[in-house]
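Colleague: Compute the structure for the input listed below.
(chains A and B)
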Amino acid sequence: MARSKGISIPLRSAFYLVVTHFAGLIKDQVKSVAFIILYLVLFQIIVLDSPLQDAAGVATGVALVIAGLAFFLEGIMLGLMPLGERVGVKITGRGGIASALVFALLIGLGSTFAEPAIAALRTAGSSVTPWDAPLLFVLLGRHADALFTAIGIGVGAAVVLGMLRLYYGLSLKPFLFVSVSAALAISLAMLYDPNLKSVVGLAWDTGAVTTGAVTVPIVLALGIGVSRSSGNTEKAGAGFGTVALASVLPVVTVLLLAVILNSKVPVPTSETEFYSAENRETAMMLFINSEEFYKHGLGSSDLEIRKQLRAEFEDLYNNKNLENNIRDSEFSGETIRDILKVESFLSVRAILPLTMLLAIALIFVRARPENTDEVVLGVVLAIVGMAILSAGIRLGLAPLGDETGGQLPRTFRTEPEDIGRVVFENFDDKLLFESIDVTGERKQFFYSHYDSEPRAIEFDPNKYNSINKRYVHIVSRPPLFGPDLTLLGIFLVFAFAFGMGWGSTLAEPSLNALGKTVESITVGTVKQKGVVYAVSLGVGLGLVVGVARIMYDVSILWLIVPPYLLLLGLTFFSDEDFTGIAWDCGGVTTGTVTVPLVLAMGLGIGNELDVIDGFGILSMASVYPILSVMIYGLVLKSRQQRTLIAKPGEENNG
Amino acid sequence: MDEIYSIREISRITCVVHQRLSARLADFLRVSGVNTVFARNGRSVRHFVKKRPFFIPGSSVSLQDSSSDIFQFTLPRKFCENMMSGVVEVCGLEEGGRGTVYSQDMVMYGGHEPNIPDIKEYVEPHFHDDLACITAILSMRGSADVCAGLALELGTCVPVITHGHGTGMRDKLGLLRITIPPEKELITLLAPQHDADGIIRMLVEGAKLDKPGRGIIYRTTVASGLTDTRIHIGHQKYAASMEQIIAALDKLHFGTSWRHRFADNENLRWSHQLVSGNKEVNVICPEGVVKNLTGIAMENGAGGATTSTLRRTAISDNVPGAAAYEQSTLIIDSQKADSVIKALLASKEFKEAAGSFITITDAPAAFTYR
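Modeller: Now for the predicted structure:
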């Protein structure tokens, strides 16, 4: 190699070079993260009028997120993408298409195991109950393995089809028409079964979350490599489109899995009926073992059920500490070191196996990466970056999102909200005094200084226990915008959802990687900024729609079917290039940064309104960006068309 | 040298067409039997003129990108003009806004014997034979747009921008090289030969090429060509655009020499002299080996190279080889060019059978920071 004759750089200049380089990277990320952080903090302080809790923790987290994003993105560009592209170029040439397909299947399956989306899905479905939606409950609990496998098969099949398509230079459009229509048709058919109906949201969300921050760049680069080595770029659109398939096919496989499992699962019932002794055998089927069943039952809100199950359980196991055990395990504190440890492990698991798979493929075709040292450095940077990034999200961004998301319902609430209770011991009637208003109506008050300053508190006789001299005062907070101003509140929720989607998408690392790739492949005719802004706009709109679904409890089909039909129509008229780019964007949007924030918001609102589950919001964040990018593409196309004057007898599209 | 490499005097034809026309051009080339066509993506930049809104007088000018495909192939010299005429007719290039076609005479080492195109006789449009091709390889992101803006203001032609990766100093830094972005922007424009050096000097100043680490600019000769004259799009004031008037005058004067704008002796007054007597060497080979070949060239005196990826289209059965190719462009002093080419041809990595070849042509003027 020519590099052996390297020139030596004095340590100081080398240090200078490295520092300026990484300072540039960090500056970029500060820009991309600034919006979402400022937005969340300002929304909380100005609109919600509540102080930031644990500001130090959030600040540390944000710093980690920025550093993590910078390292991770550099790692992707330096290591994972060049490696993936190299494999794509080499494997079809020397290994033949058959070995390329086997490898593609492995990558697809591997990526599901490397970046399990199931955690995000479980969070979204954390309030699913076994009596309202038994099928959904088993999919997330007892049969999670089956769900996992179905997703894996879906992604694997997608990568295989994607590679096959690029190799033979087939258009992406028929693949999309068939798979999307299949998914839509199955979803529609499922409406007629109460059990299957509940799974539709999960299935579409699965499609959105499967393709993570590591899978996207690898699959993208692989596709570009295959497409380049096959020379069929005119018809197949330069290597895009595989990520899109990887977010549609899992929907189909998960829906099919639900149909298969449906026969083994009881129909939805009420809670009391579910826990009744007659129903015990069927109910047990939904849990892995009876202990799990009791754990779940003891967490029930119904006191009668709790009592009954507790008695049964004590008979059965003679173990009185169960409830305490559950509590203990749930409320263990986390330190930064613990989080970093866990996230480092997860990040190694996400990146190393896939990289090894790529390396093995290269060895198999007897090729080597162009710059082995760069690739190794890139992979190390990616692992470190991802660990820091996820730790930062858990420490800073997610709590911040939780805090704001949890308080968000206050903006549209019409009634005062109970936020705590104070018990006054040694209460005495003598403390009471009376007051009067203009109509002559009287009320009783007493003074208290529990909050350091003396305050008048209205007296409610029902809350006074004269025997033990205790008065229980419920502390409540008035609605944020008065009892009637809910319209402003709802508008604020929508505005918040939009800003959250916009901001978190700007920071999404895999979208930035995709944007860079798009810009370099189109030689700058499609700018990275354009794609990122179009996608962010789409995600923002999608979240508004998703939040509207949770607030007004609209059926998910109403939200999924029309946009997808519109998309299929637009796809028909769109360029091959932009079809791939746009559909890929949909798969890319819901990644590392967006998912925790979106879920926090969705669940915050969902919990407030007692909605069964928070599903659907992620798929909204995935379909609208496709629409917005597609429209952006059509606008660009019409602009480019301006340069070309059609000759007589020639249709406008050349 | 163990193997004897074939040396041919050929013409290389470059067609830059709007992306909508590229499928048609590719089909034409496939049918005509040209065996090695290399394509790459680029973008053409034009002025987009818009009237100001709200009755504000005047108009605003912005740069407008459009995707183009650049096809390059080699032919025996005597078939060149007819092939170009064919391309002009098939793509309708006589109309502005559709594309550019030009041919350059080169010496080619290795590679496959160029096929004799199997096409009918086309009516020859008026090709300019006094054009020069100016290429700038720019390291700073965004300088290509600066250069494109300048070229458009001069009204020379529609510039085409492509992307490449640089090797040179960077590769001697070890892993520290990751701190220097390797991406290069390549901008190519056609200009009347007698004005070319003046334009180069303007671009040098515009893109600050007289500062270290900014890039290199050079001129190569063009045998004949037809340029895209649709420099402005959007709002138009007169019955014919300035470009159309210039094109009409070109036809009347049988050339572009009447457009002479820059003083001949300007180079003497200018503080930075253009360097003459360089060669543009292009090494084209299947993907993966170009890096090692560049290393060999640099050991033998080349200063640096810019690599761009190509895809081979119109693959016919009788010519083996993959579709992913790479091209490395080197600007070398004429005296060193021979030894570099010898070393490249002697290298084991250079496989003629796999379709690797080297083209070499004169670069009469060049400029970079020294």
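
Colleague: Let me know the helix or strand that B:Ser60 is in.
Modeller: Applying DSSP states H and E as the criterion places B:Ser60 in strand B:59-76.

Colleague: quick one: the strands in chain A?
Modeller: Taking DSSP state E, the strands of chain A run over residues A:417-424, A:433-436, A:442-448, A:455-458, A:464-465, A:470-477.

Colleague: Those: lowest mean pLDDT?
Modeller: Ranked by mean pLDDT, the strands of chain A bottom out at strand A:417-424, with a mean of 72.

Colleague: Shouldn't B:Ile358 be within a helix?
Modeller: No: read with DSSP: H, G, I helix; E, B strand; the rest coil, B:Ile358 is strand and lies in no helix.

Colleague: Distance of the spatially closest residue to it that is not a sequence neighbour relative to chain A?
Modeller: Distance criterion C-beta to C-beta, 6 or more residues apart in numbering or on different chains; nearest residue to B:Ile358, sequence neighbours excluded, is B:Tyr109 at 4.4 Å. For the C-beta atoms, the positions are set from N, CA and C on the backbone; glycine is no exception. According to C-beta to the nearest C-beta, to the nearest Å, B:Tyr109 and chain A sit 21 Å apart.

Colleague: Is B:Tyr109 in a helix, a strand, or coil?
Modeller: Per three-state DSSP, B:Tyr109 ends up strand.

Colleague: surely it meets B:Phe357?
Modeller: Yes: counting by C-beta atoms under 8 Å, B:Tyr109 does reach B:Phe357; the two are 6.3 Å apart.

Colleague: what is in contact with those two at once?
Modeller: Here B:Tyr109 and B:Phe357 have no joint contacts, going by C-beta atoms under 8 Å, 6 or more residues apart in numbering or on different chains.

Colleague: need the helix or strand of the chain with the lowest average pLDDT.
Modeller: Reading this off chain A. helix A:322-330 (a mean of 46; mean pLDDT, DSSP states H and E).

Colleague: ah, I was thinking of chain B
Modeller: helix B:266-269 (a mean of 57).

Colleague: which parts of the stretch 101-250 of chain B sit against chain A?
Modeller: The stretch 101-250 of chain B has residues B:161-163, B:171-176, B:178-180, B:183, B:230, B:233-234 near chain A, with proximity defined as C-beta under 8 Å from any C-beta of the partner chain.

Colleague: re the thing from before, redo the strands of chain A as TSV? Include distance to chain B.
Modeller: Converted to TSV, the strands of chain A look like this (distance: least, C-beta to the nearest C-beta, whole Å):
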stretch	distance to chain B
strand A:417-424	49
strand A:433-436	62
strand A:442-448	61
strand A:455-458	58
strand A:464-465	70
strand A:470-477	49
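
Colleague: and those as CSV, adding mean neighbour count?
Modeller: Output for those, formatted as CSV (neighbours: other C-beta atoms under 10 Å in any protein chain shown):
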stretch, mean neighbour count
strand A:417-424, 12
strand A:433-436, 10
strand A:442-448, 14
strand A:455-458, 13
strand A:464-465, 14
strand A:470-477, 15
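
Colleague: Adding distance to B:Ser339, write these out as JSON lines.
Modeller: Below are the strands of chain A laid out as JSON lines (distance: least, C-beta to C-beta, whole Å):
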{"stretch": "strand A:417-424", "distance to B:Ser339": "83"}
{"stretch": "strand A:433-436", "distance to B:Ser339": "105"}
{"stretch": "strand A:442-448", "distance to B:Ser339": "96"}
{"stretch": "strand A:455-458", "distance to B:Ser339": "94"}
{"stretch": "strand A:464-465", "distance to B:Ser339": "103"}
{"stretch": "strand A:470-477", "distance to B:Ser339": "84"}
